[in-house]
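Q: kindly generate the corresponding structure for this input.
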Amino acid sequence: MTAKRQAILATALCIGLTPALAVASTMYRYTDENGKTVISNTVPSNASERGYDILNSQGRVIERVEPAPTEEEIEARKARQERKAQQEAQRKQDAELLRTYSHPDDAVRALRRKLEERRSLVQLKRGNISVVRSQLAEQEQRAADMERAGQTVSEAVTERIDRLQSRIKEIRSEIEEQQAETRVIREEYEEKIRRLETITGKERTLSIELPDADGPT
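A: Here you go, the predicted structure:
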């Protein structure tokens, strides 16, 4: 074998061994379950949970693998993320609120308009109840007249009375539903008004209440 061929083979062997040497030269430093520092070419799974250092052939740290987070750390991170998400959601809500209202009184006016609209609807329904009551009184009078005359109250009159009584109950139920929705709207706007007072630093000067509030149904 010529000297040139020997040199080529030697170079090839060195190149082939280089990756293996590089792998073998990587070491790990970790703390075992007894608190002792261990340097090895492998890391046990229970030690990796505590974190470890990757060392080069000179024993210098080239990378630090952090310990796995504890349950407390995971919960704390989750809480931070939730707070951040809530703060971002609040920021967007505030921006939208300020695009709609520049002063708390603007929101008060909007609320009063909605309350007035819904009060008008309730008053209309109460007027409907008065009309139906008049019709009911008429049918009940007719039934009473028949009974006084010794006649059997006709099925048609009885059905009309039942129908009118049911209609009054329906309208009352509609009024109660309207009033429940009005309470929700009031609460939503009161929250908006309070928030506007906070972010604008201005207090409302208008009353939320309407004059001549609704009486009992």
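
Q: what about the protein, any weak spots by pLDDT?
A: Scanning the chain for pLDDT under 70 picks out the ranges 1-25, 212-217.

Q: mind listing residues that contact stretch 203-211?
A: With Cβ atoms under 8 Å, 6 or more residues apart in numbering as the test, stretch 203-211 has contacts from 104-105, 107-109, 111-112, 115-116, 119, 186, 189-190, 193, 197. For the C-beta atoms, the positions are set from N, CA and C on the backbone; glycine is no exception.

Q: oh, I was asking about stretch 147-160
A: When contacts are defined by Cβ under 8 Å, 6+ apart, stretch 147-160 is touched by residues 135, 139, 142-143, 146.

Q: how about the strands in the protein?
A: 27-31, 37-40, 52-55, 61-65 (DSSP state E).

Q: which parts of the third one are buried?
A: For strand 52-55, a neighbour-count test (16 or more other Cβ atoms under 10 Å) marks 52-53, 55 as buried.

Q: picking that back up, most neighbours among the contacts of stretch 203-211, which one is it?
A: A107 (25 neighbours; other Cβ atoms under 10 Å).

Q: one step back: in CSV: the strands of the chain, plus distance to T152.
A: Output for the strands of the chain, formatted as CSV (distance: least, Cβ to Cβ, whole Å):
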stretch, distance to T152
strand 27-31, 100
strand 37-40, 105
strand 52-55, 99
strand 61-65, 96
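
Q: domain ranges for this structure, per the record?
A: With domains defined by automatic domain parsing, the chain comprises 3-65, 86-200.

Q: what's the most buried one of those domains?
A: Greatest average neighbour count among the domains of the chain goes to domain 86-200 (a mean of 14), per mean count of other Cβ atoms under 10 Å.

Q: for that one, measure first residue to last.
A: The separation between the terminal residues of domain 86-200, taken as Cα to Cα, to the nearest Å, is 20 Å.

Q: okay, and the beta partners of the closest residue to R29 other than its chain neighbours?
A: Distances taken as Cβ to Cβ, 6 or more residues apart in numbering put D53 closest to R29, at 4.4 Å, once the chain neighbours are dropped. When bridges are taken as DSSP bridges, the partners of D53 come out as R29, R64.
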